[in-house]
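In: Show me the folded form of this:
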Amino acid sequence: SYATTIGGSYTTLGTAVVQAGVTSIFSGSAALVAGNGPDISNSAVYGFNGKYYAMQVRNSAATLVANMDATGQSAGTTSWSDGLGTPNTWTVNSPGELTADDRRFWGEISELPQRWDTSGTDIYVPIVASSIIRRLTTGKSPVVSPIYRYLSSLSPTLHLPLETSGSSAVAGALSARLTDVTFGVDPDFLGSAGMVTLNSTASLITAAPKYTVDATYASIVVYFKYPALPAAETTLFKVRGNGTVPEWKLTVTNANFTLYSLDRLGATTASQATTFGTNVSPVNWIAMRFQVHTVAGNLSIEVGWYQLGDVHSWGFSNAAFLAGTTGRFTSLTIAGVTADNVGLQVGQAFIGQAAFDNTLPPFKESATGYQGETAGRRFLRISQDAGITAVVFGDSDDTVAMDRQPSASLISILQECCDADAGFFLSIHN
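Out: Numbering: from 1, shown residues only. Predicted structure coming up:
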C-alpha cells in the first residue's frame, strides 16, 4: 500500500495477500536499520538505494515503538531521538546523509582544463563527469596475487614475491641477489602470478630482511616444488640469525623433511625429522613454514607444511628443541648446489617476527588462488582490498563458484564476477 505521508491514509496496491497463521517481528537486541548497507554490527542489510523519509514500527497493540522521521530534522543532522516513551536514538551512517538536495546526477570530474577565446576575456572550463567505474577502468595494472596480498598483510621483514623480479615487497628492504634463475608461470601455482626455476648447481637466491630489533618469534615461509623426488638429502633453504642458533637449515629426502640447527662452524647441534604425510610429496607445490619461539629459556620450534589444494596441514614441533633465545633471522639462502635442486621451482618467500599459523583458512585460500570462492564473495573481497565500498544485492554465498583469481586488472576481475553470475555492475549513489 502507499500514502502521501507516513500517517496515511493508505491505498492498497493490487489484491491483499493475507499470511496464514500468526506472524511477528523477531524480538532481539540488534539495531533497527532503515536503508541499505551495513548496520552498526557490520551485518549485511539489503534494502534499497534511494530516499528514506520515515519509518514506523508498532507492536501487537498498535502502539508506536519506533519512529524514524527524517522530515522533522535539519539538513546535516547525524543523530536524534524519536521522543517516544521508550526513546530510540537514530544515527545516520556514512555514506547516508540528511539533505534537502534533489540530485539528478552524481559523478567525478577527473580534470579541469581551462579554455579561452582569442581575446583572452572569455575564460571557461569544459568538464566531463563520470561514475567511479570510469576511474577504475583507467588503471590497467593487475591486482596483486592472492599470496602476495596475504603475506604482505602480516608485517613481514622480508617478502620476496619472485613473480617477475627479485624486488622485495617490504619498503626499505634490499632486493634479493639472483643467480642463474629463470622467471616463469606454473599453472599449478594457483595463488601467485609467477615463480623462479633454479637452472644449475650454481643457481642462487639470497636476501636479507629489513633490520628490526630482536623478538621472541622468528618465522619463515617458502613456497616450492621439486621436479622429482631427491635422490639424496638436499638442502631446501638455510636461514641465518643472531640468536643462540646462528644458522638453521631444512632438508628434503625422498621421504622426509628434516630441520637442523648448526653452530658457527656448520656442525649440527640438533635435528628433527618426519615423513611428508599422507598423499603429500614435494613434487607438488608446498608452502613450508618454519618458526622458532623462546619459551622459558628454551627454543620451541614448529615446522609445518601445506600442499596446495590439500585438506590438511602437516608438521612437527618440539617445545624444548634447544636452550637459548630466538633473536632474529638475518638472511635467507636457497641454492642449487646439488643436482637434485636443479629444476627446483621457488615461489614467494617470507620472513616475519610473529607467530605464523599455516592452518588458517585465509592462508590456504590465498595459496590456491581462492579457487571455489563464490562470485559475490570475490566481488566484495577484491573491492575491499582496493578500498571500494561495495554491496552485493542478495546472498553472496548463493552465487556461482569461481576458478582461481586471475592476474588481471581490478575492473576485469569485478566484471568477471558479474558475468559469471549473470549480474550487473553498477555505480550507485543515494
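In: which ones are touching residue 253?
Out: 230, 232, 233, 234 (Cβ atoms under 8 Å, 6 or more residues apart in numbering). Every residue, glycine included, has its C-beta placed from N, CA and C.
In: so residue 274 sits in a helix?
Out: No: Residue 274 is assigned strand when assessed by DSSP: H, G, I helix; E, B strand; the rest coil, not a helix.
In: who's it bridged to?
Out: residue 257 (DSSP bridges).
In: I figured it hits residue 257, correct?
Out: Yes: if you go by Cβ atoms under 8 Å, residue 274 and residue 257 touch, sitting 6.5 Å apart.
In: So if I had to pick from these two, which one is more boxed in?
Out: residue 257 (26 against 14; other Cβ atoms under 10 Å).
In: how about the strands of the stretch 151-300 of the chain, start to end?
Out: Per DSSP state E, counting those that start in this stretch, the stretch 151-300 of the chain carries strands over the ranges 158-160, 177-179, 181-184, 195-198, 204-207, 217-225, 234-241, 247-252, 256-262, 268-275, 286-295, 298-307.
In: among the ones you listed, which is the most enclosed?
Out: strand 158-160 (a mean of 27; mean count of other Cβ atoms under 10 Å).
In: Could I have the PyMOL command that selects the buried members from the contacts of residue 253?
Out: The buried residues among these can be selected in PyMOL (16 or more other Cβ atoms under 10 Å) with this line:
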select buried, resi 230+234
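In: Pull the number of nearby residues for the residue lying closest to residue 213 once chain neighbours are set aside.
Out: Counting by Cβ to Cβ, 6 or more residues apart in numbering, residue 213 lies nearest to residue 328, which is 7.6 Å off, once chain neighbours are set aside. The number of residues packed near residue 328 is 18, by other Cβ under 10 Å.
In: Tell me the pLDDT of the residue in the chain sticking out farthest from the centre.
Out: Distance from the C-alpha centroid of the chain peaks at residue 119, with 56.1 Å (Cα atoms, centre = their mean). Residue 119 is assigned 88 on the pLDDT scale.
In: what's near enough to touch residue 225?
Out: Here residue 225 is in contact with 186, 188, 189, 282, 283, 284, 285, 286, 344, 345, 347 (Cβ under 8 Å, 6+ apart).
In: Show me what it is bridged to.
Out: Beta-bridge partners, per DSSP bridges, of residue 225: residue 345.
In: in what helix or strand does residue 366 lie?
Out: Assigned by DSSP states H and E, residue 366 belongs to helix 361-367.
In: Show me the shaky parts of the stretch 51-200 of the chain.
Out: 139-140 (pLDDT under 70).
In: Show me the helices in it, by range?
Out: 132-138, 146-152 (DSSP state H, counting those that start in this stretch).
In: about what we covered before: among the contacts of residue 225, which ones are buried?
Out: 189, 282, 285, 286, 344, 345, 347.
In: shouldn't the second one be in contact with residue 251?
Out: If I follow you right, that is residue 282. No: in this structure, residue 282 is not within contact of residue 251 by Cβ under 8 Å, at 11.0 Å.
In: For the strands of the stretch 151-300 of the chain, give me a markdown table that also has distance to residue 361.
Out: Below are the strands of the stretch 151-300 of the chain laid out as a markdown table (distance: least, Cβ to Cβ, whole Å):
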| stretch | distance to residue 361 |
| --- | --- |
| strand 158-160 | 21 |
| strand 177-179 | 33 |
| strand 181-184 | 29 |
| strand 195-198 | 23 |
| strand 204-207 | 29 |
| strand 217-225 | 16 |
| strand 234-241 | 26 |
| strand 247-252 | 25 |
| strand 256-262 | 23 |
| strand 268-275 | 24 |
| strand 286-295 | 14 |
| strand 298-307 | 11 |
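In: With residue 389 as the reference, name the closest of the ones you listed.
Out: strand 158-160 (27.9 Å; Cβ to Cβ).
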